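In: what follows is a predicted structure for the sequence shown.
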Amino acid sequence: MCRRLLAVIALVLALAAAARAAETARQILDRRKALDDTTRHWDDRHQKMKLTIVARGGERVRELELFDRREPGDEQKTILFFLAPAEVKGTGFLAFTHKGRPADQWLYLPELQRVRQITARTRNESFMGTDLSYHDLDLIQEMTSWTEADARSSLRGEETVDGTPSYVIEEIPQREDIGYKKVVVWLGRDDLVPRRLELYEDTAEPK
């Protein structure tokens, strides 16, 4: 009886693994969204992050501290502070993210001791010397709610990112306002947490 039970358990696990392996990119993305909307739902979130800027002259690193708060109606308030290096330390960024329209954004510049509001004319400017624009920051916030109508998805396989086995999902935006031809995201296989994100202005990737 025990041997038969073990055989049944092994078969169930094998079938579950096969079903997981057969998942499409959209099913994985929907599973991630379901987690964020239920068991992983949060009202307040605190993160420390490291942003690496790769350029021809080498790499530059920015250390950030970020605080998020969810508001009713799928709105979100985000404030982040630069911790390092010294030339950007103390710079603050505040965003009120809205559903269906661009976020309201402000940048605090400590050396000038003033706040600058990001307007429609300045949304495509570089965010603190990175390749990301203020529009991109808004885009990253909304990506989890994309459907196939927003971006067609495909599963490119699996890769390991910093020791974490991850799904590699390619998304081809269908809306002109997204502003990119292709987005590639690496999601941890076990927790579906984003481990890496690449945005492409054309579909070709660097060799």
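Out: Nice, I can see it.

In: what's near enough to touch the residue nearest to the spatial centre of the chain?
Out: The centre of the chain sits closest to Ile140, judged by Cα atoms, centre = their mean, with a distance of 5.2 Å. Applying Cβ atoms under 8 Å, 6 or more residues apart in numbering to Ile140 gives the contacts Leu197. (Glycine included, C-beta is placed from N, CA and C.)

In: roughly how far apart are it and Leu132?
Out: The spacing between Ile140 and Leu132, counted by Cβ to Cβ, to the nearest Å, is 8 Å.

In: hmm, back to that, list the buried residues of the helix or strand containing the residue nearest to the centre of the chain.
Out: Secondary structure from DSSP states H and E places Ile140 in helix 134-142. With burial defined by 16 or more other Cβ atoms under 10 Å, the residues of helix 134-142 counted as buried are 134-139, 141-142.

In: hmm, back to that, need the pLDDT of the residue nearest to the centre of the chain.
Out: Listed pLDDT for Ile140 reads 85.

In: okay if I get the buried residues of helix 134-142 as a markdown table plus distance to Thr24?
Out: Compiled in a markdown table, these are given as follows (distance: Cβ to Cβ, whole Å):
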| residue | distance to Thr24 |
| --- | --- |
| Tyr134 | 33 |
| His135 | 29 |
| Asp136 | 26 |
| Leu137 | 29 |
| Asp138 | 27 |
| Leu139 | 23 |
| Gln141 | 24 |
| Glu142 | 21 |
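
In: from those, which is closest to Ile79?
Out: Using Cβ to Cβ, Leu137 comes nearest to Ile79 of those, at 12.4 Å.

In: once you drop chain neighbours, what's closest to that closest one?
Out: Phe127 (6.3 Å; Cβ to Cβ, 6 or more residues apart in numbering).

In: what residues are up against that neighbour?
Out: Counting by Cβ under 8 Å, 6+ apart, Phe127 has contacts 93, 133-134, 136-137.

In: ok, those vs Ile118, which is closest?
Out: Scanning the contacts of Phe127 for proximity to Ile118, where the rule is Cβ to Cβ, the winner is Tyr134, at 4.8 Å.

In: distance of Ser133 relative to Asn124?
Out: For Ser133, the distance to Asn124 - Cβ to Cβ - is 5 Å.

In: neighbour count for the two, which is higher?
Out: Ser133 (18 against 11; other Cβ atoms under 10 Å).

In: contacts only, for the more buried one.
Out: Contacts of Ser133 (Cβ under 8 Å, 6+ apart): 123-127.

In: so Arg31 touches Arg189, yeah?
Out: No - if you go by Cβ atoms under 8 Å, Arg31 and Arg189 don't touch, sitting 11.4 Å apart.

In: what does stretch 190-203 rub up against?
Out: Outside stretch 190-203, the residues touching it (Cβ under 8 Å, 6+ apart) are 28, 31-32, 35, 136, 140, 161-162, 164-167, 172, 180-188.
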